[in-house]
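Peer 1: Generate coordinates for the sequence data below:
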Amino acid sequence: MPPHDIPHDTFDNNTAPLSRDAADRHVLRVGIGGPVGSGKTTLVGSLCALLREELSVVVVTNDIFTSEDAEALRAAAVLPTDRIVAVETGCCPHTAIRDDIAANLDAVEQLEALHGDVDLTLVESGGDNLTAIFSRGLVDVQIFVLDTAGGDDVPRKGGPGVAMADLLVINKVDLAPYVGADVDRMLSDARDRREDRPVMPTSLVDQAGARQVADWVVEQIHARRS
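Peer 2: Residues are numbered from 1 along each chain as shown. You can find the predicted model right below:
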């Protein structure tokens, strides 16, 4: 059956579907998380627009009680509408991406089956706090998004999202002068907590602002295939 917007009560929490072994999949699954308002949906839309000509891309979004993020992506026409599915979690966002991934995993597998040879699946979490991180049973790599308006002390505070994500994005650097944020400090503090994992500043006032992140995603696809 075709994928659809999936309410949180569709699934039995005790019968989460089993994903195919990651090594057998052609597609790279990328989780994108971060606090409310950090720019996750804008980043997803920009990645879709930048990569849709060279890759087969699908998207799963998460909202607690709505499908607003998916509808925003559809309205922006970043992908055909049947490539964007909304999951209505009905619970804290981190629960649906880390603890009980059944609804998300089902949506991901339906989309990948429907569209065949998918290269990239983006899974956007609902807005959450610094503890949010994806289950490796759901995604292969994860991006965590912060923004300068959230406070330039946030990277220093750390947390699993900041420290453990495969890529940390410091977004809205164009707003830093207006909110009194020190971008250099944010980048330095983030790197101190991330060992050698990459940190990228972005300004997503247009889609080109996500080019560096898109290049990183393509590198992950090439690394996976090699």
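Peer 1: what's the residue closest to the geometric middle of the chain?
Peer 2: Ile32 (1.5 Å; C-alpha atoms, centre = their mean).
Peer 1: what helices or strands is the host helix or strand of that residue leaning on?
Peer 2: Per DSSP states H and E, Ile32 falls inside strand 28-33. Judged by 3 or more C-beta pairs under 8 Å, 6 or more residues apart in numbering; DSSP states H and E, the packing partners of strand 28-33 are helix 40-51, strand 120-124, strand 141-147, helix 211-225. Just so you know, the C-beta spots here come from the backbone N, C-alpha and C atoms, and that holds for glycine as well.
Peer 1: Recalculate using a threshold of 6 Å.
Peer 2: Contacts defined by 3 or more C-beta pairs under 6 Å, 6 or more residues apart in numbering; DSSP states H and E place strand 28-33 against strand 120-124, strand 141-147, helix 211-225.
Peer 1: for the residue nearest to the centre of the chain, which residues make a bridge with it?
Peer 2: Listed by DSSP bridges, the beta-bridge partners for Ile32 are Glu124, Ile143.
Peer 1: what would the helices and strands packed on strand 28-33 look like in JSON lines with mean pLDDT?
Peer 2: Listed next are those as JSON lines, based on pLDDT from 0 to 100:
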{"stretch": "strand 120-124", "mean pLDDT": "98"}
{"stretch": "strand 141-147", "mean pLDDT": "97"}
{"stretch": "helix 211-225", "mean pLDDT": "96"}
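Peer 1: Gly161 is nearest to which of the ones you listed?
Peer 2: Ranking the helices and strands packed on strand 28-33 by proximity to Gly161 (C-beta to C-beta) places strand 141-147 first, at 4.2 Å.
Peer 1: buried ones in the next helix or strand along the chain from that closest one?
Peer 2: Using DSSP H and E, the next helix or strand after strand 141-147 towards the C-terminus is helix 154-157. Judged by neighbour count (16 or more other C-beta atoms under 10 Å), helix 154-157 contains these buried residues: 154-155.
Peer 1: circling back: now mean neighbour count and distance to Ile97 too, for the helices and strands packed on strand 28-33, in TSV please.
Peer 2: Below are those laid out as TSV (neighbours: other C-beta atoms under 10 Å; distance: least, C-beta to C-beta, whole Å):
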stretch	mean neighbour count	distance to Ile97
strand 120-124	26	7
strand 141-147	26	9
helix 211-225	15	18
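Peer 1: Export the ones you listed as JSON lines, with columns for distance to Ile84.
Peer 2: As requested, the helices and strands packed on strand 28-33 are exported to JSON lines (distance: least, C-beta to C-beta, whole Å):
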{"stretch": "strand 120-124", "distance to Ile84": "9"}
{"stretch": "strand 141-147", "distance to Ile84": "18"}
{"stretch": "helix 211-225", "distance to Ile84": "17"}
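Peer 1: of all the ones you listed, which lies closest to Leu130?
Peer 2: The nearest among these, by C-beta to C-beta, is strand 141-147 at 8.6 Å.
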